[in-house]
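Enquirer: This is a predicted model, with the sequence first.
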Amino acid sequence: MTPRPLAKAISHEERPDAPGARCYSRLDIPALRALCVRSLASLYQEKEKLFSRRMILSEGGFHREGPSWEQTIIALLGLQRLAESGGVHPFDTVAIRDSIFRDTNWVTSLGELGLLTWFTAESAPERLEKLFSKFDFEKALEIYADGREASTQGLAWFLSGIAHARLAGSAALPDLTDVVVDAYHLLEDNQSECGIFGHAGRRRLPERAFYNRFGTFADQIHAIYALTVFARAFQIEEPLVSALACANSIRALQGEMGQWWFLYDKRTCRVINRYPVLSSHQDGTAPLGLLALGETTGRTFHDSISKGLSWIAGANELKDDLRNLDRGFIWDSIGSRRPVTEYSQTAFSLLRISRALRTESLEIRCEARPGHFGWLLYALDRFCAPNTARVARATAGD
């Protein structure tokens, strides 16, 4: 790939608003961040110095699952972004960070390696040299299963990690040109002409047809972010064309109430399965990818982001606010009451049979994950000035 001036071929007819000039939708963004801090406090495991994988509310009360290094890293990325803008939180992030680096045997996939690299570049760039010496980045696409399968999200996180390391200006960054170009080409191969990404490119039969053809919203948005930060780090414009193609497709397919649907068909460029609609997509990863792309290309996705955020606040199918202030959480999603309904929706979509789910067949899923709140803090924190006092009150449980 020959470097060319970044985004010269990208149209700039739509200019994004200046940072801080606009808060999206009816939501009070500082209050939303405050709720995130309060939620993370409930998900933190002091003994392990890690965050839980998730918490579930059932008839018997709350059940908190064991720790997750991946979820902890995403939470820390958000908390760091909050602190950089003047926000406060009750966590000893240095101790939590040390628990991440103390034992990295939890890294068992290409995506996890990319996420760890991303986190290291942003929170402890002085540790990058040790990280690059410990892991074989040049052979990572062959070592890890998601690399061999050309998993879209795995490739996206790997590209994002290396790009952030390059943006950090670390002298410890080795020459990873070959593996970076290979990862980029594998990611591109997963994308169709209409811009939609499949879930993976090299799955074995009989899974191959499904995973090659269909991709989740997470696949789309993490690919958009990876291509954007990759283009910025290496000063090349081609990845932005792919990122814009995907962003324009998912924006065209967004629901009337701002829903970022669950599963897409890259062959027909249609939504194949709508549910569950995840809160973490609505207020976290969608802003993450689309805001980064907008900043880099000069395009604006404000209306789509705003609609997605309003969905959280009650402008949704159930007309119910997913922010539960009493419990101190933003609930995980709206989905079918019975999982079989979601699978049947996929089958009907493949047969091009229109079968909309009735409202009574949907429910709010009362779960919470640290990664949701981490992505929200990371994506939105720079766009509206934080209200420090309000964050402090939320942390105290007011």
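Expert: Okay, I see it.
Enquirer: Could you measure from residue 75 over to residue 99?
Expert: The gap separating residue 75 from residue 99 is 12 Å, by C-beta to C-beta, to the nearest Å. Where you see a C-beta, it was placed from the backbone N, CA and C, and this is true even at glycine.
Enquirer: More neighbours: which of these two?
Expert: Neighbour count, other C-beta atoms under 10 Å: between residue 75 and residue 99, residue 75 has more, with 30 against 15.
Enquirer: where's the more buried one relative to residue 267, distance?
Expert: To residue 267, residue 75 is 36 Å away according to C-beta to C-beta.
Enquirer: Residue 219 now?
Expert: Residue 219 sits 15 Å away from residue 267, taking C-beta to C-beta as the criterion.
Enquirer: same question, residue 179
Expert: Taking C-beta to C-beta, one finds residue 179 at 29 Å from residue 267.
Enquirer: ok, now residue 113?
Expert: Counting by C-beta to C-beta, the gap from residue 113 to residue 267 is 31 Å.
Enquirer: Those two: which is more packed in?
Expert: Higher neighbour count among residue 113 and residue 267: residue 113, with 26 against 15, using other C-beta under 10 Å.
Enquirer: What residues does the closest residue to residue 212 other than its chain neighbours make contact with?
Expert: Setting aside the residues directly before and after it, residue 212 is nearest to residue 198 in space (C-beta to C-beta, 6 or more residues apart in numbering), at 4.8 Å. Contact analysis of residue 198 by C-beta atoms under 8 Å, 6 or more residues apart in numbering lists 152, 190-192, 211-215, 219, 266.
Enquirer: what about residue 335, is that helix, strand or coil?
Expert: With DSSP: H, G, I helix; E, B strand; the rest coil as the basis, residue 335 sits in strand.
Enquirer: That one: what's it in contact with?
Expert: Residues counted as contacts of residue 335 (C-beta under 8 Å, 6+ apart) are 275-277, 342, 362-363, 365.
Enquirer: And the strands in this structure, which stretches?
Expert: 44-45, 50-51, 55-58, 61-64, 214-216, 263-265, 270-273, 277-278, 323-324, 329-330, 333-336, 362-365, 367-368 (DSSP state E).
Enquirer: Return the most buried member of those.
Expert: strand 50-51 (a mean of 26; mean count of other C-beta atoms under 10 Å).
Enquirer: That one pairs with which strands, and in what direction?
Expert: strand 44-45 (antiparallel) (DSSP bridges).
Enquirer: my guess is residue 134 meets residue 104, correct?
Expert: Yes - here residue 134 lies in contact with residue 104, judged by C-beta atoms under 8 Å, at a distance of 7.0 Å.
Enquirer: Neighbour count: those two, which is higher?
Expert: residue 104 (15 against 11).
Enquirer: Now the phi/psi pair for that one, please.
Expert: Per-residue torsions, residue 104: phi -100, psi 20 (degrees, to the nearest 10).
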